[in-house]
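Undergrad: Sequence below, structure please.
(one chain, ligands or ions: 1)
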Amino acid sequence: MDRSDVHTAVLRDEVAELLCPAHPKVLVDCTVGIGGHGRALLEAAGPDSQLIGMDVDEDNLRLAKEHLKDFGDRVRLFRANFSETAVVLAEANVASADVLLADLGVSSNQLADPERGLSFSTDGPLDMRLDDRLTTTAADLVNRTNEKDLADMIYKYGEERYSRRIARAIAAARKMGPLERTGQLAEIVRRAYPAPARHRRRGVDPATRTFQALRIVVNSELEKLARLLELLPEILSIHGRAGIISFHSLEDRLVKQAFVSWSATGRAVLVEKKPVVPTEQEVRGNPRSRSAKLRAIIKIAA
Ligand SMILES: C[S@@+](CC[C@H](N)C(=O)[O-])C[C@H]1O[C@@H](n2cnc3c(N)ncnc32)[C@H](O)[C@@H]1O
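TA: Have a look, this model is predicted:
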């Protein structure tokens, strides 16, 4: 049965084990999604814990509310960007987080929803906003950015070696009229790929990296992550633990650098030197987990 629209929390057991070895009280899930990790954290932390969950997507918050309803008032949910975690904690009237988790990127139900335009496998509007209050869509970017900046964007955020060819093909195609659909863009990118490279990328759609780049820019993903990492020393309790799950090298690099430089001050220690990755069994059951990397850190001094 293909249930690619059902989101399964990745590294669920590892998250609970690494972040909740004692009995933390204040759990903060910065990307609560549909509540999979939230439930795991609440169960591992025990009955005295409470969860503050955040997400930018109102639909996912509704699902989280439903999925976590058996925890009653131990769960409080906020529509907020995790770059605003300090503000949310103040609003929730808690001083600091004993556990903080961010599971970056998008959930399977968001990816599978054609109306969000996140996927090239189903046709939909070129949107890609996780937060519908944002004003710039992926269509705005591909139709309004000049060819050189578009190439730079696809290179920098998609790590796409054929970025120039792709930007040239987009600039040519939009002369006929605005690009509005994910299927249309995916086809332009595929055709822009040199044929031998198209065949070499067995199983990986040539549009993957371009779509990644656009999504990162539309949602300012790296800036928001950098801000969260900057806030961590301030919002975590002493002996508090933070875990970040990333899905591509641009995110993981930021997390690794921030954790290594924090631990170099002697005020934090890494839980594991190397990132924790899913077992083969998890990847078989949930292919989306294959690129996940979990890094965790403990604050030991103010
Ligand atoms: C991979 S999913 C999380 C799934 C969740 N861990 C679960 O078990 O259900 C990522 C979620 O983070 C949200 N998100 C992405 N960037 C965000 C940000 N900067 N601030 C808050 N939420 C964000 C997305 O809307 C999505 O719901």
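
Undergrad: Would you mind pulling up the elements that the one helix or strand residue 232 maps to packs against?
TA: According to DSSP states H and E, residue 232 maps onto helix 221-235. If you count contacts as 3 or more CB pairs under 8 Å, 6 or more residues apart in numbering; DSSP states H and E, helix 221-235 packs onto helix 85-91, strand 97-103, helix 249-264, strand 293-299. All C-beta atoms are positioned from the backbone trio N, CA, C, and that covers glycine.

Undergrad: For the stretch 201-302 of the chain, which residues are neighbours of the ligand?
TA: Within the stretch 201-302 of the chain, the positions near the ligand by CB under 6 Å from any ligand atom are residue 224.

Undergrad: Apply 8 Å and report the result again.
TA: Within the stretch 201-302 of the chain, the positions lying close to the ligand (CB under 8 Å from any ligand atom) are 219, 221, 224, 225, 228, 245, 247.

Undergrad: Emit the ChimeraX select command for whichever of those residues are buried.
TA: Filtering these down to the buried ones (16 or more other CB atoms under 10 Å) takes a single ChimeraX command:
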select :219,221,224,225,228,245,247
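
Undergrad: between the residues of the stretch 201-302 of the chain next to the ligand, which is closest to residue 25?
TA: The shortest approach to residue 25 among these belongs to residue 228, at 21.0 Å (CB to CB).

Undergrad: what's the neighbour count on the nearest residue to that closest one once chain neighbours are set aside?
TA: Counting by CB to CB, 6 or more residues apart in numbering, residue 82 is the residue found nearest to residue 228 once chain neighbours are left out, at 4.9 Å. As a burial measure, residue 82 scores 21 neighbours (other CB atoms under 10 Å).

Undergrad: how close does residue 82 sit to the ligand?
TA: Here residue 82 is placed at a distance of 4 Å from the ligand (CB to the nearest ligand atom, to the nearest Å).

Undergrad: give the contact list for that residue.
TA: Contacts for residue 82 (CB atoms under 8 Å, 6 or more residues apart in numbering) come out as 30, 31, 54, 102, 224, 228.

Undergrad: same thing with residue 222?
TA: Residues in contact with residue 222 (CB under 8 Å, 6+ apart) are 157, 216, 250, 251, 254.

Undergrad: how close does the closest residue to the second one other than its chain neighbours get to the ligand?
TA: Ranked by CB to CB, 6+ apart and with sequence neighbours excluded, the top spatial neighbour of residue 216 is residue 157, at 4.4 Å. When distance is defined by CB to the nearest ligand atom, residue 157 is 15 Å away from the ligand.

Undergrad: can you list the residues that contact the helix or strand hosting residue 157?
TA: In the assignment (DSSP H and E), residue 157 maps to helix 147-158. Outside helix 147-158, the residues within contact range by CB under 8 Å, 6+ apart are 141-142, 145, 160-161, 163-164, 166-168, 170-171, 209-214, 216-217, 222, 250.

Undergrad: pLDDT weak spots in the stretch 151-300 of the chain?
TA: Under the criterion pLDDT under 70, the flagged ranges of the stretch 151-300 of the chain are 200-202.

Undergrad: can you tell me the residue of it closest to the ligand?
TA: When scored by CB to the nearest ligand atom, the stretch 151-300 of the chain has residue 224 as its residue closest to the ligand, at 4.1 Å.

Undergrad: Double-check that residue against residue 84; I have them as touching.
TA: No. The pair residue 224 / residue 84 is not scored as a contact, 9.2 Å apart, by CB atoms under 8 Å.

Undergrad: Run a quick neighbour tally on residue 13.
TA: For residue 13, the neighbour count with other CB under 10 Å is 12.

Undergrad: show me the residues around it that make contact.
TA: Per CB under 8 Å, 6+ apart, neighbours of residue 13: residue 40.

Undergrad: could you give the angle of the host helix or strand of it to strand 293-299?
TA: If you go by DSSP H and E, residue 13 is part of helix 12-19. Relative orientation of helix 12-19 versus strand 293-299 (axes from the mean of the first three to the mean of the last three CA atoms, to 10 degrees): 20 degrees.

Undergrad: Now helix 12-19: buried residues?
TA: Using 16+ other CB under 10 Å as the test for burial, helix 12-19 gives 12, 14, 15, 16, 18, 19.

Undergrad: got it, and stretch 16-33?
TA: For stretch 16-33, a neighbour-count test (16+ other CB under 10 Å) marks 16, 18-20, 24, 26-33 as buried.

Undergrad: Pretty sure residue 78 sits in a strand.
TA: Yes. Assessed with DSSP: H, G, I helix; E, B strand; the rest coil, residue 78 lies in a strand.
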